[in-house]
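A.B. asks: Based on what follows, work out the 3D shape:
(one chain, ligands or ions: 1)
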Amino acid sequence: MTSAVTDVLVIGCGDIGERVARRERSEGRSVAGVVRSEQSVRRLRAAGLRPIVADLDDPSSLKQISVKDSLVYYFAPPPANGVTDPRMEAFVTTMTAPNLPRRVVLISTTGVYGDCRGEWVTEDRPANPQVDRARRRLAAETALRRWSKASGVPIVILRVPGIYGPGYLPEERLRSGEPVLREEESPYSNRIHAADLAHVCFIAGHHDTPGALYNVSDGHPTTMTDFFHRVADLLGIPRPPAVTLEEARKRLGEGMLSYLAESRRIDNRRMREELGVELMYPDLASGLPSCFKRCG
Ligand SMILES: NC(=O)c1ccc[n+]([C@@H]2O[C@H](COP(=O)([O-])OP(=O)(O)OC[C@H]3O[C@@H](n4cnc5c(N)ncnc54)[C@H](OP(=O)(O)O)[C@@H]3O)[C@@H](O)[C@H]2O)c1
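C.D. replies: Down below sits the predicted model:
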């Protein structure tokens, strides 16, 4: 692990960002988090973290950000529409010599692989995004890669599936009685606990010789229906009604249907073997109970 970094900047310092920022601070580094809302400013201050207010949608507000010799974690999502990521495009244009960081760690998504018909998916599989949400993430990866090639600054891209943890559970959805797809028709889905994801981000930030791309997942995919069932059981509420795909097309929203149209099993071997990551929560059985204890 490298110890040379003293300054850390988290662009998009939300839940995962705050977890990483706290860890960095506990190791004695100076940390700032970029957010845009007053609420997030208050949240960061309450956590003893230094907020920088900037809006990636307003490039002029980015001029105040110095990344020189810093470790940069970029966790801000792309905008809600379109097939590109103008936020990332704007941000990389601010990182020109002598304002160059030491390394950039990006959270992307496993959605960039598209539908893989339930196959195991390594980082060698070509990206094949099938929805705009995933196209925007791939565009962010591409913009950052292009910048890295031109600037010579190393980057680590983390492709992340569904995050779960305290505050991420679909409690409202379950209480509303919205149906799930019956187990036999439900595609594979993949998850990572928020605490494990923050740990992997930290390792990617400090490993001496990281690779440029990692899948980050608990390695134990199950169906989305299984996930909803387990959460309902732990909440002590009835499991949601299960419907056929035909029925689901009439009753579920476009967003959920787009998730149900893709099936893949994410292979996390490179993350474990190259980065030496040991997960706290390698499956839902170990991770979900922690979400109800206000810890992890
Ligand atoms: N949830 C999942 O299952 C999942 C799966 C894969 C990847 N991801 C991605 O993983 C990343 C980290 O997740 P998270 O849960 O930590 O997200 P989060 O809590 O929503 O945090 C995102 C942060 O980005 C900031 N941000 C958003 N737009 C911005 C803008 N235009 N300018 C400046 N800051 C902006 C937000 O600031 P404000 O609070 O001030 O708006 C917020 O602090 C996100 O990119 C997320 O989309 C999530």
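A.B. asks: hey, let's count contacts and neighbours off CA atoms from now on
C.D. replies: Fine.
A.B. asks: which residue ranges form the helices in this protein?
C.D. replies: For the chain, applying DSSP state H gives helices covering 15-26, 38-46, 86-94, 132-151, 171-176, 194-206, 224-235, 245-251, 254-260, 269-274, 284-287.
A.B. asks: quick one: the longest one near the ligand?
C.D. replies: Spelled out, that is helix 132-151. No - using Cα under 6 Å from any ligand atom, we find that helix 132-151 stays clear of the ligand, coming within 9.0 Å at best.
A.B. asks: Now that helix: average pLDDT?
C.D. replies: Confidence for helix 132-151, expressed as mean pLDDT, is 98.
A.B. asks: Could you do stretch 73-92 as well?
C.D. replies: 98.
A.B. asks: Pull up the gap between the closest residue in space to residue 200 that isn't next to it in sequence and residue 31, please.
C.D. replies: Distances taken as Cα to Cα, 6 or more residues apart in numbering place residue 277 nearest to residue 200, at 6.8 Å, with adjacent residues excluded. Separation of residue 277 from residue 31 (Cα to Cα, to the nearest Å): 23 Å.
A.B. asks: Which of the two has more residues huddled nearby?
C.D. replies: When residue 277 and residue 31 are compared for neighbours, residue 31 comes out ahead with 23 against 18, by other Cα atoms under 10 Å.
A.B. asks: From the rest of the structure, what touches stretch 203-220?
C.D. replies: With contacts defined as Cα atoms under 8 Å, 6 or more residues apart in numbering, stretch 203-220 is touched by 1-3, 71, 73, 103-105, 110, 122-123, 154-161, 190-193, 197, 200, 265-268, 270-271, 274-275, 277, 279, 281-283.
A.B. asks: let's see 6 Å
C.D. replies: Residues outside stretch 203-220 that contact it (Cα atoms under 6 Å, 6 or more residues apart in numbering): 1-2, 155-160, 191-192, 268, 271, 282-283.
A.B. asks: Ends of that stretch, what's the gap?
C.D. replies: First-to-last distance for stretch 203-220 - Cα to Cα - comes to 21 Å.
A.B. asks: Give me the distance from that stretch to the chain's centre.
C.D. replies: Centre-to-centre, stretch 203-220 and its host chain are 12 Å apart (Cα atoms, centre = their mean, to the nearest Å).
A.B. asks: Do any residues in it lie close to the ligand?
C.D. replies: No - judged by Cα under 6 Å from any ligand atom, stretch 203-220 and the ligand are separated, with a smallest distance of 9.6 Å.
A.B. asks: what's the spacing between the residue nearest to residue 200 and the ligand?
C.D. replies: Distance of residue 277 to the ligand, computed by Cα to the nearest ligand atom, to the nearest Å: 19 Å.
A.B. asks: Likewise for residue 50?
C.D. replies: For residue 50 relative to the ligand (Cα to the nearest ligand atom), the value is 13 Å.
A.B. asks: All good on my end, thank you.
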